[in-house]
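Visitor: Give me a model of this one.
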Amino acid sequence: MLSARPCCSGFLVVFAVFLSVSPASAADWPAISPEEIKMTDIDQQKGAPAVILLHEELADDPNNYHSIYMRIKVLTEAGRKYADVEIPYSRRNFTIGGVSGRTVHADGSTVNFDGHVFDKVVVKGKEARGRKVRIQVKSFTLPDVQVGSIIDYRYSLRYDDHSFYAPEWMVQEDLFQKKATFKFVPYEGLLKLAHDRVGQGAAWTTFLPHGTNPQLHESPRATFATQHQASAFVDLQMADVPPIVEEPFMPPPDMMRYRVNFYYMIDSKPEDFWREEGKFWNRDVDKFLGRKAGIEETVARIVSPNDTPEQKIRKIYAFVAQLENQTYQPKREEQEEHALGIKPNEGADDVLRQHSGWHDDLNRLFVAMVRAVGTPAWMMWVASRNHVFFQSEYMSTSQLSAEIAVVQLAGKDVFLDPGTKFCPYGLLDWRYSGTRGVRQSPGKGTEFADTPVPGYNQAMIQRWASLQLTEDGKVGGTVKVGFYGLEAMERRQQANRTDAEGSKKLLEDEIKRWLPGNSEVTLAGVPNWNDTETHLAAEFNISSPLAVAAGRRWLIAVHVVQANNKPVFSAAKRENPIYFWYPTREIDEVHLTLPSGLEVESLPPNDAVKLDYALFKSSQKQESANSIVVRSIVVRRDLVMAGVAFPVTVYPELKAFYDKVRAGDDQQVVVKASAHAELK
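Guide: As a prediction, the model looks like this:
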């Protein structure tokens, strides 16, 4: 399935009145060459399911119009999926139209698309720990697509008069492209932006192969001060564009694609742009925080005069965290919000009065309340690193997507995020950790700053199992699991989106994924789902096949809760940097009791692998029920990954480390029948 992308990176309003001109009517389809008809494979990507023969995008801002055209050759059975086209879009800002398409068979016969275009929400990938990403798309399917077919389709996106969307060219696709062309016609007049700032002319940043650059075609009547400003149009033409290689544990794919990000110019230098944007954002924040009716009275009820500064902050944090968080609620219709009396929050007092707010609203209320007890506190505007990496040279605030709080305690900055549901005190949502943004700074207005990366003990899973091996080779018993910090936050957020039965199934399914196939898992009791400041604790009763018969012996996997682990890195070579969402730790302890007729013949050796940023330790020993008879095995395992980002040159070392972890996890205990006993 090919996912086409609308071109949109920012919203602008016209300062000068202009005459809107409708785009020309669609031309006939480009001619298909005999070579394209005969094509069965491509040298640059042998075995590819399909190839993009032609990719064209036009962004015409004066006419409020973007268009996309694709021609794809289907090379294998797997390539037939590209007949299904999905167009992500914002229903609020765009209207999609002009959808047309056709299928051309190898014999030259043509089947035109005359079907329906559907509006739906789809899942597009997952974030950490399986969190699904849902987006709004228009979808359609081209008819009768077979191996050897060529498919053509085009569509347009329109937006309101007096608004502009500087495009984001995502040049790479998941298929090899024979030819890709892009064109942007910016609006040449004056533009009124947020905060009444005036811009003119377009500029861009690029992530392209060395020596490849967009070409500027200037209007003779226009003069500009900066090298990259565009007045007439900008285009980019590329041939033989390799596909994006998506690999496990890589940076956000859109940050690795060849791309061009456009924006309308306000300031010619990044430092001037961010200083001015920071000034306006700072003013907006202070205006919001300055509306504080009822805040001092509320704070006085929450804290005690005898509390230490940190105790006061913790109490305020707990108060804000329990307010209704609209970011994690199903979207309400406007009529429902009106009936409930819910209005947009224009100040901290509104958030307090309504006991409700979005992520940033709650964090702003928190800062206002912290300031009310005399503790310095500020806001910080950050990029969400699961999608983008902040680039100061890209002069667009569209990179910054969330606000967090910075509190000064004992002379040190503490970064806090009560606006993220179930985020414990002292942590940030991982998306806002280890990222860059703009923060309020006393005496400076605003400045660039970085948020801290959590430690590996702040995203930890701890498992303790007490199991008994039966004479038929199964194990049964209890597994207790503790999820700490970010691991607990992620699972609590997932449970918050479903009911009690759904939450129970989420955990049971996760434990099943750890254990051998055909395991039975039942959650015992109700976990502490809503207790944000403590780890998420759960206990399970399990029954699982474990031992494998080998003649008169049995082989038993020593690391029961790692039985289904797949290789972290299986490829011999790597194209992209390695990128983990956050540092992690896993600690396991398994007590396995043998039946009376069995005894241990051999245990695998203890393991220890250590790098500057990673650690793996595994130990196995026998325990005696009395001084003579050995009846149980105790296995301990500790795995730490303390790093987040690694260049591709480190891949061999990382792969070797995880291969050793896998080998250690796959080791087996050999047991045999005791004297005068027989294996069944």
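Visitor: What residues does Glu246 make contact with?
Guide: Glu246 makes contacts with Asp174, Pro253, as judged by CB atoms under 8 Å, 6 or more residues apart in numbering. The C-beta positions use only the backbone N, C-alpha and C, and glycine is treated the same way.
Visitor: Quickly list the domain ranges of the protein.
Guide: 2-266, 271-450, 456-673 (automatic domain parsing).
Visitor: where does the stretch 551-680 of the chain dip in pLDDT?
Guide: For the stretch 551-680 of the chain, the stretches with pLDDT under 70 are 624-630, 675-680.
Visitor: All the helices of it, in order from the start?
Guide: 651-665 (DSSP state H, counting those that start in this stretch).
Visitor: Of the domains of the chain, which shows the lowest average pLDDT?
Guide: Of all the domains of the chain, domain 2-266 carries the lowest average pLDDT, namely a mean of 81.
Visitor: Now do it: distance to the chain's middle.
Guide: 22 Å (CA atoms, centre = their mean, to the nearest Å).
Visitor: Over to stretch 573-590?
Guide: Using CA atoms, centre = their mean, the offset of stretch 573-590 from its chain centre is 15 Å.
Visitor: got the contact list for Tyr579?
Guide: Per CB under 8 Å, 6+ apart, neighbours of Tyr579: Phe249, Met250, Pro251, Val644, Ala645, Phe646.
Visitor: how much space between the last one and Arg439?
Guide: Between Phe646 and Arg439 the distance, using CB to CB, to the nearest Å, works out to 27 Å.
Visitor: before we move on, what about the fifth one?
Guide: In this structure, Ala645 and Arg439 are 22 Å apart, going by CB to CB.
Visitor: So for the two, which residue has more residues nearby?
Guide: Arg439 (23 against 14; other CB atoms under 10 Å).
Visitor: Now do the contacts for the more buried one.
Guide: Per CB under 8 Å, 6+ apart, neighbours of Arg439: Trp378, Met379, Met380, Trp381, Val406, Thr446, Glu447, Phe448, Ala449.
Visitor: Distance-wise, check it relative to Gly445.
Guide: Following CB to CB, the distance that separates Arg439 from Gly445 is 10 Å.
Visitor: Show me where the stretch 251-400 of the chain has its helices.
Guide: Going by DSSP H, counting those that start in this stretch, the stretch 251-400 of the chain shows helices at 253-256, 270-290, 295-302, 309-321, 334-340, 348-354, 359-372.
Visitor: now these in CSV, with mean neighbour count and distance to Phe184?
Guide: As requested, the helices of the stretch 251-400 of the chain are exported to CSV (neighbours: other CB atoms under 10 Å; distance: least, CB to CB, whole Å):
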stretch, mean neighbour count, distance to Phe184
helix 253-256, 17, 18
helix 270-290, 16, 20
helix 295-302, 14, 47
helix 309-321, 20, 43
helix 334-340, 10, 35
helix 348-354, 21, 40
helix 359-372, 25, 31
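Visitor: Which one of those lies nearest to Arg585?
Guide: When the helices of the stretch 251-400 of the chain are compared by CB to CB, helix 309-321 sits nearest Arg585, at 24.5 Å.
Visitor: could you dump the closest one to PDB, C-alpha only?
Guide: C-alpha atoms of helix 309-321 as PDB (Å, rounded to 0.1, in the frame of the first residue of the first chain):
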ATOM      1  CA  PRO A 309      10.000  23.200  48.700                       C
ATOM      2  CA  GLU A 310      10.200  19.800  47.100                       C
ATOM      3  CA  GLN A 311       7.200  18.500  49.100                       C
ATOM      4  CA  LYS A 312       5.200  21.500  48.000                       C
ATOM      5  CA  ILE A 313       6.100  20.900  44.300                       C
ATOM      6  CA  ARG A 314       5.200  17.200  44.600                       C
ATOM      7  CA  LYS A 315       1.800  18.000  46.100                       C
ATOM      8  CA  ILE A 316       1.100  20.500  43.400                       C
ATOM      9  CA  TYR A 317       2.200  18.000  40.800                       C
ATOM     10  CA  ALA A 318      -0.200  15.300  42.200                       C
ATOM     11  CA  PHE A 319      -3.100  17.800  42.200                       C
ATOM     12  CA  VAL A 320      -2.500  18.800  38.500                       C
ATOM     13  CA  ALA A 321      -2.000  15.200  37.400                       C
END
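Visitor: Residues contacting that helix, please?
Guide: 298-299, 302-304, 307, 362-363, 365-366, 369-370, 373, 375, 407, 409-410, 414, 416, 418-419, 421, 423, 425, 532-533.
Visitor: and that helix with helix 359-372, angle?
Guide: 150 degrees (axes from the mean of the first three to the mean of the last three CA atoms, to 10 degrees).
Visitor: Helix 309-321 to helix 295-302, inter-axis angle?
Guide: Using the same axes, to 10 degrees, helix 309-321 lies at 110 degrees relative to helix 295-302.
Visitor: And the strands in the stretch 51-200 of the chain, which stretches?
Guide: 65-74, 84-88, 95-104, 110-112, 118-126, 132-141, 150-158, 163-164, 168-170, 177-185, 191-192, 198-199 (DSSP state E, counting those that start in this stretch).
Visitor: JSON lines for the ones you listed, including mean neighbour count and distance to Asp659?
Guide: Shown next, in JSON lines, are the strands of the stretch 51-200 of the chain (neighbours: other CB under 10 Å; distance: least, CB to CB, whole Å):
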{"stretch": "strand 65-74", "mean neighbour count": "22", "distance to Asp659": "37"}
{"stretch": "strand 84-88", "mean neighbour count": "19", "distance to Asp659": "37"}
{"stretch": "strand 95-104", "mean neighbour count": "17", "distance to Asp659": "46"}
{"stretch": "strand 110-112", "mean neighbour count": "14", "distance to Asp659": "50"}
{"stretch": "strand 118-126", "mean neighbour count": "11", "distance to Asp659": "25"}
{"stretch": "strand 132-141", "mean neighbour count": "15", "distance to Asp659": "30"}
{"stretch": "strand 150-158", "mean neighbour count": "22", "distance to Asp659": "42"}
{"stretch": "strand 163-164", "mean neighbour count": "18", "distance to Asp659": "52"}
{"stretch": "strand 168-170", "mean neighbour count": "22", "distance to Asp659": "34"}
{"stretch": "strand 177-185", "mean neighbour count": "20", "distance to Asp659": "35"}
{"stretch": "strand 191-192", "mean neighbour count": "19", "distance to Asp659": "55"}
{"stretch": "strand 198-199", "mean neighbour count": "16", "distance to Asp659": "53"}
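Visitor: Make CSV out of these and add distance to Val521.
Guide: Below are these laid out as CSV (distance: least, CB to CB, whole Å):
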stretch, distance to Val521
strand 65-74, 43
strand 84-88, 35
strand 95-104, 45
strand 110-112, 50
strand 118-126, 22
strand 132-141, 22
strand 150-158, 45
strand 163-164, 53
strand 168-170, 42
strand 177-185, 46
strand 191-192, 59
strand 198-199, 58
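Visitor: closest to Gln215 out of those strands?
Guide: Going by CB to CB, the one of these nearest Gln215 is strand 177-185, 9.9 Å.
Visitor: Which strands or helices does that closest one pack on?
Guide: For strand 177-185, the contact count by 3 or more CB pairs under 8 Å, 6 or more residues apart in numbering; DSSP states H and E identifies strand 50-60, strand 233-241 as packing neighbours.
Visitor: if we can go back for a sec, with distance to Trp430 as added columns, please give the helices of the stretch 251-400 of the chain in CSV.
Guide: CSV is the format used below for these (distance: least, CB to CB, whole Å):
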stretch, distance to Trp430
helix 253-256, 16
helix 270-290, 24
helix 295-302, 28
helix 309-321, 17
helix 334-340, 30
helix 348-354, 24
helix 359-372, 14
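Visitor: Looking at these, which is nearest to Val548?
Guide: helix 253-256 (39.9 Å).
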